[in-house]
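>>> Provided below for reference: sequence and predicted model.
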Amino acid sequence: MRSTMRNAISLFKRYRALTVVSSRSVVSLLVAATIAAVLVVPRAHARDLAAPFLRDALTLPGRPAPELARLFTPSSAPAGSYRLSLLSEGIEAARRIVAGAIAPGADPGDAKGAWRIELKDPLEAFGIAGTYDRSRVARLYGGTRVAVVRAPIRRDGRTVAAVTLFSPHPDAALSRLEPGTLVILFVVDRCRD
């Protein structure tokens, strides 16, 4: 659509109407681009890189949280692709603990936006991959935002996993918010022994 405007320089100048892009569509594009970037590692190389990595340093700190895995991870994901844990610490302390455990030497400046704390709408933060009840989660947060940290886990210049931290996080019944931090680790390719 074009609009016409008169000015002193020209009698008629044409301007294109601005296209409005919703924040949700921008987030969807960013999530799709992140997933695509993680999955670009060729499977043969990913297996070779991930196998020693998984045996050595892929243990998440905190208490394992399989009860939340069924809510916030894709049901079609292969077993072992996602690992979840709960930390009693808030987002800043949890970020230091997780980065020290699975990404020693990580720096918030390593990759654009990696390891940075961002406040997001809960539905935007948890995404659309899980089977959680979106309306219950929205009501649970009641208009407040969730602190989120996302980062790739790299070995030998390749991305072998991605980690996301959420604080506060819902309990498994989606009845209350817990003050600690939920950690979700996505492994690009599992170890096949």
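Nice, I can see it.

>>> secondary structure element for residue 101?
Element membership of residue 101 [criterion: DSSP states H and E] is helix 91-102.

>>> hmm, who's touching that helix?
57-62, 87, 89, 106, 115, 117, 147, 149, 151, 153, 161, 163, 165, 167, 180-181, 183, 185 (Cβ atoms under 8 Å, 6 or more residues apart in numbering). Placement of C-beta: from N, CA and C, glycine included.

>>> I'd like the next helix or strand past it.
Heading C-terminal from helix 91-102 (DSSP H and E), you reach strand 117-120.

>>> now do the SS call for residue 130.
Here residue 130 is coil, with the state taken from DSSP: H, G, I helix; E, B strand; the rest coil.

>>> quick check: phi and psi on it?
With angles defined as degrees, to the nearest 10, residue 130 sits at phi -80, psi 170.

>>> what do you get for residue 124?
Reported as degrees, to the nearest 10, the phi and psi values for residue 124 are phi -70, psi -40.

>>> hmm, back to that, could you turn the buried ones of the contacts of helix 91-102 into a ChimeraX selection?
Burial among the contacts of helix 91-102 is assessed by 16 or more other Cβ atoms under 10 Å; the matching ChimeraX selection reads:
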select :58,60,62,87,89,106,115,147,149,151,153,161,163,165,167,180,181,183,185
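
>>> now, which of the contacts of helix 91-102 lie within strands?
Applying DSSP state E to those, the entries found in strands are 87, 117, 147, 149, 151, 153, 161, 163, 165, 167, 181, 183, 185.

>>> relative to residue 104, how far out is the second one?
When you say that, I think you mean residue 117. Plainly put, residue 117 is 20 Å away from residue 104 if you go by Cβ to Cβ, to the nearest Å.

>>> show me the contacts for residue 125.
Going by Cβ under 8 Å, 6+ apart, the list of residues near residue 125 reads 146, 148, 166.

>>> can we see that at 6 Å?
Contact analysis of residue 125 by Cβ atoms under 6 Å, 6 or more residues apart in numbering lists 146, 148.

>>> surely it is in a helix?
Yes. Counting by three-state DSSP, residue 125 is part of a helix.

>>> just the pLDDT at it, thanks.
We have a pLDDT of 96 for residue 125.

>>> and if you look at residue 16?
With respect to pLDDT, residue 16 has a value of 51.

>>> and what of residue 186?
pLDDT, residue 186: 95.

>>> what do you get for residue 26?
Predicted confidence (pLDDT) for residue 26: 49.

>>> now do the one 5 residues further on
Confidence per residue is given as pLDDT, and for residue 31 that number is 55.

>>> neighbours of residue 67, how many?
12 (other Cβ atoms under 10 Å).

>>> surely it is in contact with residue 172?
Yes. Proximity of residue 67 to residue 172 meets the contact threshold set by Cβ atoms under 6 Å, at 4.0 Å.
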